[in-house]
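> okay, here's the prediction I keep looking at, along with the sequence it came from:
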Amino acid sequence: MTPKTEESDGGSGGTRESGTPVGPTLEERVTGALVGAAVGDALGGPVEGYSPDQILQRHGGRVHGVVGPWNGDDWRTARPIAPYHKGDGHVTDDTLMTHALIRVYATVRDHLDAYALADHLVPDLMTNPRWIPELEAEALPLQRLFLAEKWLVTRIHYGHVDPREAGVGNIVNCGAAMYMAPVGLVNAADPAAAYAEAIDLAGAHQSSYGREAAGVFAAAVAAACAPGATPDSVVAACLSLAKDGTRAAIEQVCEVAARHRDFESALTPIREAVTPYDTVGPDYRQPSLAARRPSRLHAIEELPVALGMVVTAGGDYRHSVLGAVNYGRDCDSIATMAGAVTGALGSPVPEEWSKRVAEASRLDLWSPATALTEVAREIFEKDVHRRRAHERAFAGLGGR
């Protein structure tokens with residue numbers, strides 16, 4: 001019998017009952033998300049920490065692509081960035097950590113938990129030298145990481161803390177969320193599963209709303225992979241899972257973002273909407289005394305703003321990422337998240353950007369996507385097998 005087909009009702013495509021994709025395939029979505037995240041990271045790096053007005057003055061207008069270091073040729077010594085070469089297409093620790101997590105998936109070839117980070121990610125960061133674009137040298141990834149990410153090594157390797165609880169005591173920031181796109185991709189189209197897996201993983205790194213953001217970002221990427229997904233459906237999936245201040249911040253920011261159709265007009269309103277939930281305060285480089293402490297009332301700034309930019313841009317990659325970049329503050333992570341979500345939705349990453357970032361960073365941005373797609377398929381088959389086994393066992397109990 002010829003199978004009935006189900007066409008998409010819009011968005012980024014659907015699937016037929018036969019399994020033939022309508023719209024971007026799994027590999028295309030995984031590639032879009034990972035390449036999109038890396039490019040967003042590289043575009044945001046050189047203006048990280050500054051305000052929209054400072055960015056406007058420094059560049060004589062808004063940033064519309066790859067730009068050089070904030071301090072030009074003085075990047076090696078100019079504070080507060082030295083010794084990192086941020087700009088000229090160099091990715092930051094967001095991408096380095098994302099690729100490190102993909103290597104863990106490629107090794108384990110199944111769902112991950114906090115112990116997988118302890119057994120695989122931590123040793124990789126400590127022992128395997130890799131090219132670090134911002135240092136323009138080969139070095140241990142650990143030497144590039146911010147202190148909040150070094151916490152993983154301090155607590156797990158040196159402190160021998162239970163990996164599930166190692167994130168407790170760390171400053172609460174976006175450090176775990178920024179590299180959780182792979183979790184959403186191996187759970188493509190299943191936001192609840194992505195959320196649960198990321199929450200487990202992130203316990204090794206973060207607590208409170210930093211851990212919550214990791215789960216919700218993974219869910220956003222998984223939701224963006226669903227056939228027919230739209231910015232609104234992604235936000236709805238996030239709101240169905242997010243808790244406490246994170247949920248409130250996403251709801252408020254996206255409600256404001258929906259009133260705008262260009263990032264220029266949205267920059268100030270989005271910042272005003274997230275301000276009540278952000279603990280860092282108005283001066284990004286001089287955080288308030290209450291900054292980054294556990295709270296059920298607050299949220300990291302990066303995820304709500306990223307989702308807001310996706311909504312304002314209608315899911316368009318270029319405009320979402322440029323909105324994130326020109327927002328300033330922690331804009332490399334904001335653009336990483338916006339790039340991952342819009343890339344997973346199927347919005348194309350500008351080729352001139354991806355090629356330049358790959359060349360400047362000396363990274364193959366596409367092979368990690370190929371590897372993760374293969375792993376995602378393997379994990380799905382294992383999930384089906386496990387589900388069928390459970391169904392048989394439940395039926396044997398007279399459960400149905």
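Cool, the structure landed. Everything numeric in this text was worked out from a predicted model, so none of it was measured.
> point to the helix or strand of this structure where mean pLDDT is at its lowest.
Of the helices and strands making up the chain, the lowest-confidence element is helix 147-152, at a mean of 94, by mean pLDDT, DSSP states H and E.
> buried ones in stretch 260-276?
Buried residues in stretch 260-276, counted by 16 or more other C-beta atoms under 10 Å: His260, Phe263, Ala266, Leu267, Pro269, Ile270, Arg271, Ala273, Val274. Glycine gets a C-beta too; all of them are placed from N, C-alpha and C.
> brain fart, stretch 378-393
Buried, per 16+ other C-beta under 10 Å, within stretch 378-393: Ile379, Phe380, Asp383.
> restricted to helices, list the residues you listed.
With helices defined by DSSP state H, the entries of those inside them are Ile379, Phe380, Asp383.
> residues contacting stretch 202-209, please?
Stretch 202-209 is touched from outside by 114, 117-118, 149, 151-152, 156, 163-170, 172-173, 175-177, 180, 210-211, 214-215, 244-246, 294-296, 298-300, with contacts defined as C-beta atoms under 8 Å, 6 or more residues apart in numbering.
> mean confidence score for stretch 69-79?
The average pLDDT within stretch 69-79 is 94.
> quick one: it to chain centroid distance?
Distance, stretch centre to chain centre, for stretch 69-79: 27 Å (C-alpha atoms, centre = their mean, to the nearest Å).
> strands along the stretch 51-200 of the chain, start to end?
130-132, 137-139 (DSSP state E, counting those that start in this stretch).
> what about the helices in the stretch 101-250 of the chain?
114-116, 122-127, 147-152, 181-186, 191-202, 208-224, 231-241, 244-257 (DSSP state H, counting those that start in this stretch).
> now these in JSON lines, with mean neighbour count?
As requested, those are arranged in JSON lines below (neighbours: other C-beta atoms under 10 Å):
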{"stretch": "helix 114-116", "mean neighbour count": "19"}
{"stretch": "helix 122-127", "mean neighbour count": "17"}
{"stretch": "helix 147-152", "mean neighbour count": "20"}
{"stretch": "helix 181-186", "mean neighbour count": "31"}
{"stretch": "helix 191-202", "mean neighbour count": "25"}
{"stretch": "helix 208-224", "mean neighbour count": "30"}
{"stretch": "helix 231-241", "mean neighbour count": "20"}
{"stretch": "helix 244-257", "mean neighbour count": "22"}
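> so which of the ones you listed comes closest to Thr77?
helix 147-152 (21.0 Å; C-beta to C-beta).
> out of the helices of the stretch 101-250 of the chain, flag the one nearest Tyr284.
Nearest to Tyr284, of all these, is helix 147-152, at 15.0 Å by C-beta to C-beta.
> which SSE is the residue lying closest to Ala106 once chain neighbours are set aside in?
Closest residue to Ala106 apart from its sequence neighbours, by C-beta to C-beta, 6 or more residues apart in numbering: Ala371 at 5.1 Å. Following DSSP states H and E, one finds Ala371 within helix 367-396.
> check the offset of that helix from the chain's centre.
Taking the mean of its C-alpha atoms, helix 367-396 sits 23 Å from the chain's own mean (C-alpha atoms, centre = their mean).
> residues near the nearest residue to Tyr115 once chain neighbours are set aside, how many?
The spatial neighbour of Tyr115 that comes closest, neighbours along the chain excluded (C-beta to C-beta, 6+ apart), is Pro163 at 5.2 Å. Number of residues near Pro163 (other C-beta atoms under 10 Å) recorded here: 24.
> quick one: residues contacting Pro163.
Applying C-beta under 8 Å, 6+ apart, the residues contacting Pro163 are Ala114, Tyr115, Leu117, Ala118, Ile156, Gly203, Ala204.
> turn those into CSV, columns for pLDDT and distance to Cys331.
Output for the contacts of Pro163, formatted as CSV (pLDDT from 0 to 100; distance: C-beta to C-beta, whole Å):
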residue, pLDDT, distance to Cys331
Ala114, 98, 29
Tyr115, 98, 33
Leu117, 97, 26
Ala118, 98, 31
Ile156, 98, 29
Gly203, 98, 27
Ala204, 98, 26
